[in-house]
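Chemist: After the sequence you'll find the predicted model.
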Amino acid sequence: TLTKEQLVRAKRLFNNACAICHVGGGNRTNQNAGPGTEESQGGSPTRATVEGIVNFLNAPATHDGPKDVPETHPYIKSADLFPKMRSMKQQDREPKRARGASANTEEQLATVIAALDHADHLSDTGKELLRCMAAGCLSTPPEMRHELQVAVAQMLRQAFDGIADGLLGKLREASEGLRELEDERSLRQKELQSGQASLDGCAERILQAKSKFSEDNVALESSRARLDDARLVREQTDGKWMGAKQLKIDVERTIEDHYKPVLAGGDGDMKPHLDAIQSLFGHVPIEDSLSQAFSAAAKLKPPARGNFDRWAMEQLLKELQKHVTELDALAQSSPVGLGERARAVAEAEAGVQRAREQQRSSAASLRLTELEAWEGEGAADAADEAVLDAEEAVGTAVERRAGEEAALGAFRDGPCATLAALAGCPQELPKATPAAAVQEKIVVSKGAPTKDVVMTPTKAKDGLTQTSVAETMAGVPTPLRSSP
């Protein structure tokens, strides 16, 4: 597995020595067999692996393998033909291992370098600088490091502290969000409990309102029964007296308007007069024989009436006049207990009115209580849904916080522990101070052109401290690696 540092160096070597013939993934001498993975797999032997490519560079051959082509493809032994190969050594074509580093150390270095991708508080330039310097620094034993390597180790610790601070900030943010969501859930639960308590109270009030409404209905029916009884007593006792005056008027009007025209006869239609007279028979006591004789005589014209017919009509007139006299006398009289019976009816009517108003009031109260219950049920349902949503949000926040905790723990147990192991014991390399306090001046190496690298703090857009690199050039633009 190639480290990022090895990949960067390999690209640089390729662009310097190979890209002139293999630009864009092509092959200058054979367009049918490019350096891509698919084409390289078809070679004999295969050239789709790092070992295959190294073997090809050591002994170039045709695509199918039988013929060597050292004069057409560069390799170290043909440096006299290809000047670009004069500066390339055998180790540049083989997977390179940091000087003095074991395979396990390489894996640790890869872990540390990969972790720098998460140093969001650093600029891309700063991260790339640390990547380039990490392998040479950390693969050197702590007691053999020179001043630059010690400073690089400190900068790596400082960068990792920034990554840890960022992860811790995310964890704090997740915890704060979880607390807010838990508070929101508690509020929704209280609202749900309040709504349920209100529903329980509404149910109790509905029962009370129904009971009151039932009682008022019974009271109204009782009042109506008392009114019916009072009216019946008054009707039975005072009914004749109460209607005597009006009935007297009706009988007198019937005699004048209907009976006398029938008695005199005429050319007009007598049926309306006969109907009016016969309707009066239901209110005044007239013998059936007399009313039947009158009905038969009234249908005859006066010349056609016999003595019996004229007698029946005269007799009915006398009966009607007699009833007028009796009704007038009854209307002028005053029955015993008339006032008491009238007051009993009035009191019964007032009682019915009061009972009806009370029944209407209890019915309205029952309707209002039922409306409150319906509204309470809707509010309780909404609160229940809000609680479910809040619980779901809390669950998501718990998972997020657990993820942030796991990420922080994995970083501390992985890259941080690896860096601590590579950098040496804490006594030799104490934990770096915060980025805002760093201002290290590094001299690259003795006996070589120097480059002063000053790490100065700046503020990133997100508010975190970001370390920028201010370079003061005094010679070679790239820091030297550790001495052999």
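Modeler: Sure, I can see it. Numbers count the residues shown, from 1 in each chain.
Chemist: Would you quantify the distance from I249 to V152?
Modeler: The gap separating I249 from V152 is 131 Å, by C-beta to C-beta, to the nearest Å. For glycine as for every other residue, the C-beta is placed from the backbone atoms N, C-alpha and C.
Chemist: Looking at these two now, which is surrounded by more residues?
Modeler: Ranked by neighbour count (other C-beta atoms under 10 Å), I249 and V152 place V152 first, with 26 against 14.
Chemist: so the nearest residue to the more buried one once chain neighbours are set aside is in which element?
Modeler: Nearest residue to V152, sequence neighbours excluded (C-beta to C-beta, 6 or more residues apart in numbering): C137, at 4.1 Å. Element membership for C137, per DSSP states H and E: helix 124-138.
Chemist: Please, where are all the strands along the stretch 301-450 of the chain?
Modeler: 441-442 (DSSP state E, counting those that start in this stretch).
Chemist: Give me the pLDDT value at the residue located most distally from the centre of the chain.
Modeler: Relative to the C-alpha centroid of the chain, counting by C-alpha atoms, centre = their mean, N307 is the outermost residue, at 104.9 Å. We have a pLDDT of 87 for N307.
Chemist: Kindly report the same for T125.
Modeler: 91.
Chemist: Starting from A151, give me the distance back to it.
Modeler: Applying C-beta to C-beta to T125 and A151 gives a distance of 17 Å.
Chemist: out of the two, which sits in the busier spot?
Modeler: Neighbours were tallied for T125 and for A151 using other C-beta under 10 Å; the higher tally belongs to A151 (20 against 11).
Chemist: any idea of the mean pLDDT in the helix or strand that contains the more buried one?
Modeler: Following DSSP H and E, the helix or strand that holds A151 is helix 147-254. Across helix 147-254, pLDDT averages out at 89.
Chemist: which residues touch the next helix or strand after that helix?
Modeler: Under the assignment DSSP H and E, the closest C-terminal helix or strand after helix 147-254 is helix 260-264. Residues outside helix 260-264 that contact it (C-beta atoms under 8 Å, 6 or more residues apart in numbering) are 268, 270, 273-274, 277, 298, 302, 313, 317.
Chemist: okay if I get those as a markdown table plus pLDDT and neighbour count?
Modeler: Shown next, in a markdown table, are these (pLDDT from 0 to 100; neighbours: other C-beta atoms under 10 Å):
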| residue | pLDDT | neighbour count |
| --- | --- | --- |
| G268 | 72 | 9 |
| M270 | 80 | 17 |
| H273 | 85 | 20 |
| L274 | 85 | 17 |
| I277 | 85 | 23 |
| A298 | 83 | 22 |
| P302 | 83 | 14 |
| M313 | 84 | 20 |
| L317 | 86 | 15 |
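Chemist: ok, these vs G376, which is closest?
Modeler: Nearest to G376 among the contacts of helix 260-264 is I277, at 70.3 Å by C-beta to C-beta.
Chemist: what residues are up against the residue nearest to V152?
Modeler: Contacts of C137 (C-beta under 8 Å, 6+ apart): 145, 148-149, 152-153, 156, 482.
Chemist: hmm, back to that, filter the contacts of helix 260-264 down to just the ones in helices.
Modeler: Within the contacts of helix 260-264, residues falling in helices by DSSP state H are 273-274, 277, 298, 313, 317.
Chemist: Pull the most distant pair out of the residues you listed.
Modeler: L274 and L317 (14.5 Å).
Chemist: avg pLDDT for stretch 30-40?
Modeler: Rounded mean pLDDT across stretch 30-40 is 69.
Chemist: Pull out the buried residues from the contacts of C137.
Modeler: 145, 148-149, 152-153, 156, 482 (16 or more other C-beta atoms under 10 Å).
Chemist: and of these, the nearest to G395?
Modeler: The closest of these to G395 turns out to be L156 (C-beta to C-beta; 37.9 Å).
Chemist: what's near enough to touch that closest one?
Modeler: Applying C-beta under 8 Å, 6+ apart, we find L156 in contact with 112, 130, 134, 137-138, 419, 423.
Chemist: try it again with 10 Å
Modeler: 112-113, 115-116, 119, 130, 133-134, 137-138, 415, 419, 422-423, 429, 432 (C-beta atoms under 10 Å, 6 or more residues apart in numbering).
Chemist: E372 now?
Modeler: So E372 contacts 198-199, 201-202, 205-206 (C-beta under 10 Å, 6+ apart).
Chemist: Columns distance to R226 and neighbour count on top of these, output as a markdown table?
Modeler: Output for the contacts of E372, formatted as a markdown table (distance: C-beta to C-beta, whole Å; neighbours: other C-beta atoms under 10 Å):
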| residue | distance to R226 | neighbour count |
| --- | --- | --- |
| S198 | 41 | 17 |
| L199 | 41 | 17 |
| G201 | 37 | 14 |
| C202 | 36 | 20 |
| R205 | 31 | 17 |
| I206 | 31 | 15 |
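Chemist: want to try a markdown table for the residues you listed, with distance to L327 as columns?
Modeler: Formatted as a markdown table, those follow (distance: C-beta to C-beta, whole Å):
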| residue | distance to L327 |
| --- | --- |
| S198 | 69 |
| L199 | 68 |
| G201 | 66 |
| C202 | 63 |
| R205 | 60 |
| I206 | 59 |
